[in-house]
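S.K.: task: produce atomic coordinates for the following.
(one chain, ligands or ions: 1)
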Amino acid sequence: MNKKLFSSFTIKDVTLKNRIVMSPMCMYSSDETGLVTDWHKVHYASRAIGGTGLVMIEATAVTAQGRISERDLGIWNDKQVKGLSELVSQIHEHGAKAAIQIAHAGRKARVTGDVIAPSAIAFDDKSKTPIEMTEQHIQETIASFQDAAKRAKDAGFDIIEIHGAHGYLINEFLSPLANKRTDNYGGSAENRYRFLKEIIISVKKVWDGPLFVRVSANDYHPEGLSIEDYITIASWLKEDGVDLVDVSSGSVVLSPIHVYPGYQVPLSDRIRNEAHISTGAVGLITSGLQAEEILQNERADLIFIARELLRNPYWPRQAAIELKTEIPAPTQYARSW
Ligand SMILES: Cc1cc2nc3c(=O)[nH]c(=O)nc-3n(C[C@H](O)[C@H](O)[C@H](O)COP(=O)(O)O)c2cc1C
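M.R.: Numbering: from 1, shown residues only. Prediction:
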């Protein structure tokens, strides 16, 4: 019998051939124009050849001001679509589906000029103090997520993920540690969720494919958000038509994180089983057996692999051997296994 890691998973009209997702990872390999380079083409196609079911392109900036660095990949103008569509074609050609994570770095942007955030509080003493966003900034940023979604559709992506984690702009709105606003976008949990809600609504006007949201389901801070808060947020995401929550944690403030194999899996487990929405688990998942345990015990629907796939683009094959499952090889490599 096929193992669950190698069973298909359908979301809307997209069927993934297995449950292995290449977790989004910034490559900082563009120039300041945010275009796809040869590096991206080789890097992402390799993971598709290696057997990953869903290849998710790194955090891709919806505005130039919202870049983590000046070498981020971008989706803020139409010239960027061609390279992205070439990436999608290559990923498809090698048997995987393609997703893109659309992102705005907020107060963590490392770019020349002003940075924006819900409140004028710097992330740390090395960061710029951001400008508190006006209503106009908020509306423009929501529109830039919508424009990015249109471009992602034009490029042919199968799935879009909105980056709501790791202390970037959306996470800054969600967390009371970074959001001290007194208008409709701050204060109560509903108000802090409003920015993400409006992004989802505006993205869904131009995108009817599967929509994921990555969250940091624990701020690891006594005055920050905990898993209980995120179970509520996940239930709102479900109501608002999000298909899957990709469950990460931390980084909205500098708090220590106790890291061990599968450390974020309990967060995915609780969101999946208490908010009743599909989830992805991520974080120090490195073996096929570990991934299979998470899926069989219904603690997640998809397994996101980051650093292990950097070390080994053929990790899906290694996991299949571990789970005594046969997966097809690229025909060009058939003589090797
Ligand atoms: C080089 C690198 C770049 C990353 N860039 C992103 C990113 O663009 N978006 C994101 O949500 N997470 C990013 N992450 C976090 C990973 O997606 C993942 O959540 C984290 O590394 C934990 O998974 P792992 O233990 O399998 O590496 C990055 C991690 C690494 C190592």
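S.K.: over to residue 76. Which of the three states is it?
M.R.: coil (DSSP: H, G, I helix; E, B strand; the rest coil).
S.K.: quick check: it vs residue 312, distance?
M.R.: 33 Å (Cβ to Cβ, to the nearest Å). In short, each C-beta sits where N, CA and C put it, glycine included.
S.K.: of those two, which one has the most company?
M.R.: More crowded of residue 76 and residue 312, by other Cβ atoms under 10 Å: residue 76, with 21 against 16.
S.K.: pretty sure the more buried one contacts residue 35?
M.R.: No: contact status for residue 76 versus residue 35: not in contact, 11.3 Å apart, counting by Cβ atoms under 8 Å.
S.K.: anything in contact with each of those two?
M.R.: Common neighbours of residue 76 and residue 35 are not found (criterion: Cβ atoms under 8 Å, 6 or more residues apart in numbering).
S.K.: the helix or strand harbouring residue 139 packs against which elements?
M.R.: Per DSSP states H and E: residue 139 is located in helix 135-155. In terms of contacts (3 or more Cβ pairs under 8 Å, 6 or more residues apart in numbering; DSSP states H and E), helix 135-155 is packed against helix 81-93, strand 97-103, strand 159-164, helix 189-204.
S.K.: any chance of these in a markdown table with mean neighbour count as columns?
M.R.: As requested, the helices and strands packed on helix 135-155 are exported to a markdown table (neighbours: other Cβ atoms under 10 Å):
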| stretch | mean neighbour count |
| --- | --- |
| helix 81-93 | 19 |
| strand 97-103 | 27 |
| strand 159-164 | 26 |
| helix 189-204 | 19 |
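S.K.: would you list these in CSV and tack on mean pLDDT?
M.R.: Listed next are the helices and strands packed on helix 135-155 as CSV, based on pLDDT from 0 to 100:
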stretch, mean pLDDT
helix 81-93, 98
strand 97-103, 98
strand 159-164, 99
helix 189-204, 98
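S.K.: and of these, who's closest to residue 289?
M.R.: strand 97-103 (24.7 Å; Cβ to Cβ).
S.K.: the helix or strand that comes right after the closest one - what's its average pLDDT?
M.R.: Downstream of strand 97-103, the next assigned helix or strand under DSSP H and E is strand 116-117. Average pLDDT, strand 116-117: 98.
S.K.: contact partners for residue 196?
M.R.: Applying Cβ under 8 Å, 6+ apart, the residues near residue 196 are 162, 164, 170, 173-174, 213.
S.K.: what about 10 Å?
M.R.: Applying Cβ atoms under 10 Å, 6 or more residues apart in numbering, we find residue 196 in contact with 142, 145, 162, 164, 169-171, 173-174, 213, 215, 233, 236-237, 240, 242.
S.K.: all strands for the stretch 201-337 of the chain, in order.
M.R.: Remark: strands assigned in the stretch 201-337 of the chain by DSSP state E, counting those that start in this stretch are 211-216, 244-248, 278-282, 302-305.
S.K.: what would those strands look like in JSON lines with mean pLDDT?
M.R.: Listed next are the strands of the stretch 201-337 of the chain as JSON lines, based on pLDDT from 0 to 100:
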{"stretch": "strand 211-216", "mean pLDDT": "98"}
{"stretch": "strand 244-248", "mean pLDDT": "99"}
{"stretch": "strand 278-282", "mean pLDDT": "98"}
{"stretch": "strand 302-305", "mean pLDDT": "99"}
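S.K.: among the ones you listed, which is the most enclosed?
M.R.: strand 244-248 (a mean of 28; mean count of other Cβ atoms under 10 Å).
S.K.: does the closest residue to residue 194 other than its chain neighbours count as helix, strand or coil?
M.R.: The spatially closest residue to residue 194, leaving aside those adjacent along the chain, is residue 185, at 5.3 Å (Cβ to Cβ, 6 or more residues apart in numbering). For residue 185, the assignment made with three-state DSSP gives coil.
S.K.: can you give me the pLDDT of residue 185?
M.R.: On pLDDT, residue 185 comes in at 98.
S.K.: now do the same contact list for it.
M.R.: So residue 185 contacts 118, 133, 135, 138, 173, 179, 191-195, 198 (Cβ under 10 Å, 6+ apart).
S.K.: closest to the ligand out of the residues you listed?
M.R.: The closest of these to the ligand turns out to be residue 173 (Cβ to the nearest ligand atom; 16.4 Å).
S.K.: tell me who's in contact with the nearest residue to residue 145 once chain neighbours are set aside.
M.R.: Counting by Cβ to Cβ, 6+ apart, residue 145 lies nearest to residue 199, which is 4.6 Å off, once chain neighbours are set aside. Applying Cβ under 10 Å, 6+ apart, we find residue 199 in contact with 62, 102, 104, 138, 141-146, 148-149, 162, 164, 169-170, 173, 213, 240.
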